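Novice: Quick one: sequence plus predicted model below, questions after.
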Amino acid sequence: MSTDTTAFAGANVLEAASSSAPISPTLLRRAARAGLADIAAKISAGTRLSTDDGLRLYEADLHVVGALANHVRERLHGDLAFFNVNQHVNYTNICNKLCRFCAFQRLPNQPGAYVMSPEEAAAKITEQLGIPVTEVHMVAGIHPKLEYQYYLDLLRAVKRARPSIHVKAFTMVELDQIAKKAKKPLEQVLPELIEAGLGSVPGGGAEVFADRVHKESYHLKISGDEWLAIARKVHQAGLRSNCTMLHGHIETKAERIEHLDRLRRLQDETHGFQTYIPLSFHPAHTEMSDVAGPTAVDELREIAVGRLMLDNIPHIKAYWILMDVAVAQTALSFGADDVDGTVVEEKIYHEAGATTPQEVKREELVRWIRDAGRVPVERDTLYNVIWRGDAE
Amino acid sequence: MPKPAALDPHPIDTRSLDSPRTAEVPFERRESAARAGPRAAEIERVAARVEDGLRISPEEGLLLHDHADLATLGRLADLVRVRKHPEGRVTYIVDRNLNPTNVCITDCGFCAFYRRPKHAESYVLPREVIHQKLDELRELGGRQVLMQGGHHPYLKSDWWCDLLADLRERYPEINLHALSAPELDHLSRIEKRPVELVIADLMAAGLGSVPGAGAEILVERVRRIIAPKKTSTDRWLEVHRRVHEAGLRSSATMMFAHVEISAERVEHLERLRALQDETGGFTAFACWTMQPDGVPEQELYPERATPGTYLRVQALSRIYLDNFDNVQTSYVTQGLKMAQITLRFGCNDFGGTMMEENVVSAAGCMNLSPIEALEHQIVRAGFAPRRRNSWYGIEDERHDGPRGPASREQAAALATGALRGGVRA
């Protein structure tokens, strides 16, 4: 096991790719007409965009911003578009954080509240043994009564059920809770979780880092500073993680850019983030059901802005289950290079009115990517290539 | 109980067992085929033609269809839309769908709506029901009723003329957008008289414009497979030519992603473009993907097209049909999210509010939305939503400036310019 965080793969990809492939004269002209000549020149030269640049990306023509992001995306990944064969386990929906944008949480005595025993969670894994699943994405509510041992048992039970599976589990928010329950510092807890089977950490729970947003919409949960501090420890423990931003509720554009900038700064330090995933706020059945939520063009722009600002994060994911297949396919030409996976049994977004299916077959995912004009690549959680659609 | 390790039939992720957290991705030089592949220069050349406002050939259309990347198609389609509609409006019409009968003798294997005569579920709507539906439409300020139905063996022109005249009188503000080319052809056939005479009678009774349905793919190889009994390609185009000559405007459509190949999609667009050169009578083009659930010959249509395929063809159609003013999105088959995206991929019109839909919804597709939701999508995409009439004249109190045609006669006068100067003056 390596604890040298500079050894993360993404750094190499980004370094090698940014050294060449300047922007075409046609795109430079289009960018100039859209008032983005300086930004295009920076992108062409591989220079980092400022936060002021980032704000301008929200105002400029969608196609031009998309084309610039697409340029970066192709410089990094060519026509490749990644997916994996995964499954979700949401081990409990009991939560005491009362976030206003959430429709998944239940209080302990509320109808529909549940906790899976480690054996029940493992049974979900066993159910899928007939399918070549490589990853389980395991996140849940913050259940105040679950003991530290539960989390260790959960990991071990899942790994016992399918030893080859990569367990991507516990957002920074859950890790905070787990360390509290363990009554020891996270630095000591993480090796134990790794020992029990934890393979990497998902990117959820970041919401929007700004203190104002934290106070107004998720004040019982860890703050932006805390989220970043935990992510740092996760990376220092040798684990890779994803990162996210929940957009389209009460946050301003400046707060979004600040959020991206903070992710970027931590990434400079640790190189531990492999993928950024903008999460679209789904308002149905939440306390914010009066907010309209992002539309398709907002989602495409968020993908593009993410790709352009996060010059040190290798992958941008268009999470099909919450965007819709239509937007995810289009996003593969607006900066995204990943569509997530087969996702057996998504619950969190479906409680908030998502109308996409709760799972999809591998061959369907492959077809979506091909129809979007990209080359499908099945990856494992750490982006090792399992299958390439152009090498048949 | 959890199973032991040996039973895992797919132990793929072995590397993550050895070094679970620090896998290396080998870096290789990566480029996009559309920008660095063997056809990149040719795609660039065709793109430059579109940028210069030049027409593209069928071969160039096929090149874009098969090899251009989605970003390029979107950019070019958006460019053509802006050229045609620099004012930043997106239109839609408050209308309703009304299918007077589902009785049909044409037996298209992709249609889940029709019933054979005497089938237990066959119907012809009684006049009172039609009145009731139009009363509802009037309440909503509707401007059009889209009336299409099966090819009923006994409902002839007189039945339709009677219906049209009645509705014209009762609902003068609602345009009668009715009877697609195959239905007009059907009337001509069962009455054994030229379609021109059928059209003239229907016009006299109040027909205001003709929908573009039944085009499917305008290539005989395809029609022989999917709709062997339906109006042929040449006849479909001939009926629209006669409609335009009679002084009516019509729209055009394409139903794709079934048995056709990409060259046949382009051929379809080429046939429409050629007729439009001749008559100028088409108001708009709309396309959608075939909806295969529960259709009679479902085995012919193994899978539903993905949204990406729709978007690609939608964008290409805007680029190719340089003589069509308007291109409609298809939110009913694709949903609001894709519909909003198409506003930046060539579409300038959201189509009708419909109120009900019985044809594609019979084939597993139903995405009707309230007007507010529709306007929300338009506004968030950066456009001003405006209500229109059947001839794409603006009828919206928020609008100031020229409004365009307000009647079938004004609309015809705008279109027949091409006819007057041309062969059929």
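Specialist: That came in fine, so what should we check first?

Novice: Find the residue closest to A:Arg33 in space, skipping its chain neighbours.
Specialist: Across the structure, with C-beta to C-beta, 6 or more residues apart in numbering or on different chains as the measure, the residue nearest A:Arg33 apart from its sequence neighbours is A:Val64 (7.8 Å). For the C-beta atoms, the positions are set from N, CA and C on the backbone; glycine is no exception.

Novice: Kindly report the same for B:Gly214.
Specialist: The nearest residue in space to B:Gly214 (C-beta to C-beta, 6+ apart) is B:Pro182, at 3.8 Å.

Novice: That neighbour reaches B:Thr106, doesn't it?
Specialist: Yes: in this structure, B:Pro182 is within contact of B:Thr106 by C-beta atoms under 8 Å, at 7.2 Å.

Novice: who's more crowded, these two?
Specialist: Using other C-beta atoms under 10 Å in any protein chain shown, the more surrounded residue of B:Pro182 and B:Thr106 is B:Pro182, with 25 against 17.

Novice: name the element that one belongs to?
Specialist: With elements taken from DSSP states H and E, the one containing B:Pro182 is helix B:181-190.

Novice: Export only the CA atoms of that helix, formatted as PDB.
Specialist: The C-alpha coordinates for helix B:181-190 follow below in PDB (Å, rounded to 0.1, in the frame of the first residue of the first chain):
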ATOM      1  CA  ALA B 181     -51.300  13.300 -47.000                       C
ATOM      2  CA  PRO B 182     -52.000   9.500 -46.600                       C
ATOM      3  CA  GLU B 183     -55.600  10.400 -45.400                       C
ATOM      4  CA  LEU B 184     -56.100  12.700 -48.300                       C
ATOM      5  CA  ASP B 185     -54.800  10.000 -50.600                       C
ATOM      6  CA  HIS B 186     -57.100   7.500 -48.900                       C
ATOM      7  CA  LEU B 187     -60.100   9.700 -49.600                       C
ATOM      8  CA  SER B 188     -59.100  10.200 -53.200                       C
ATOM      9  CA  ARG B 189     -58.800   6.400 -53.600                       C
ATOM     10  CA  ILE B 190     -62.100   5.300 -51.900                       C
END
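
Novice: residues of the helix or strand harbouring A:Leu152 that come out buried?
Specialist: When secondary structure is defined using DSSP H and E, the element that contains A:Leu152 is helix A:148-161. If you call a residue buried by 16 or more other C-beta atoms under 10 Å in any protein chain shown, then helix A:148-161 has these buried ones: A:148, A:150-161.

Novice: Over to stretch A:136-145?
Specialist: Taking 16+ other C-beta under 10 Å as the basis for neighbour counts, the residues of stretch A:136-145 that come out buried are A:Val136, A:His137, A:Met138, A:Val139, A:Ala140, A:Gly141, A:Ile142, A:His143.

Novice: How about the contacts made by A:Arg29?
Specialist: A:Arg29 makes contact with no residue, according to C-beta atoms under 8 Å, 6 or more residues apart in numbering or on different chains.

Novice: Now do the buried residues in the helix or strand that contains it.
Specialist: Using DSSP H and E, A:Arg29 maps to helix A:25-33. Buried positions in helix A:25-33, judged by neighbour count with 16+ other C-beta under 10 Å: A:Leu27, A:Leu28, A:Arg30, A:Ala31.

Novice: Out of the buried residues of helix A:148-161, which is nearest to chain B?
Specialist: Closest approach between these and chain B, by C-beta to the nearest C-beta: A:Ala161, at 3.9 Å.

Novice: of all the buried residues of helix A:148-161, which comes closest to B:Gly393?
Specialist: Proximity of the buried residues of helix A:148-161 to B:Gly393 (C-beta to C-beta) peaks at A:Val158, which lies at 63.2 Å.

Novice: With adjacent residues omitted, what lies nearest to B:Val222?
Specialist: Distances taken as C-beta to C-beta, 6+ apart put B:Glu260 closest to B:Val222, at 4.8 Å, once the chain neighbours are dropped.

Novice: show me the contacts for B:Met203.
Specialist: B:Ala246, B:Gly247, B:Leu248.

Novice: Just give me the neighbour total for the last one.
Specialist: B:Leu248 is surrounded by 22 other residues when neighbours are defined as other C-beta under 10 Å.

Novice: Distance-wise, check it relative to B:Gly208.
Specialist: In this view, B:Leu248 and B:Gly208 are 8 Å apart by C-beta to C-beta, to the nearest Å.

Novice: what's the overlap in contacts for those two?
Specialist: What both B:Leu248 and B:Gly208 touch, as defined by C-beta under 8 Å, 6+ apart, is the set B:Arg408.

Novice: same question for the helix or strand that comes right after the helix holding A:Leu152, mean pLDDT?
Specialist: Beyond helix A:148-161 in the direction of the C-terminus, DSSP H and E gives the next helix or strand as strand A:166-169. Strand A:166-169 comes out with an average pLDDT of 98.

Novice: next one: stretch B:83-100
Specialist: For stretch B:83-100, the mean per-residue pLDDT is 95.

Novice: what's the span of it from first residue to last?
Specialist: The first and last residues of stretch B:83-100 sit 39 Å apart, counting by C-alpha to C-alpha, to the nearest Å.

Novice: Return the set of buried residues in it.
Specialist: Within stretch B:83-100, the residues that qualify as buried by neighbour count (16+ other C-beta under 10 Å) are B:84-85, B:89-100.

Novice: Could you check the pLDDT of whatever residue of chain A ends up closest to chain B?
Specialist: Each residue of chain A has a distance to chain B, by C-beta to the nearest C-beta, and the smallest belongs to A:Gly78, at 3.0 Å. At A:Gly78, the predicted lDDT confidence score is 93.

Novice: Counting neighbours, what do you get for it?
Specialist: A count of neighbours around A:Gly78, defined by other C-beta under 10 Å, yields 21.

Novice: and the residue nearest to B:Gly214, what does it touch?
Specialist: Taking C-beta under 8 Å, 6+ apart as the definition of contact, the neighbours of B:Pro182 are B:Thr106, B:His151, B:Ala213, B:Gly214, B:Lys230, B:Thr231, B:Trp236.
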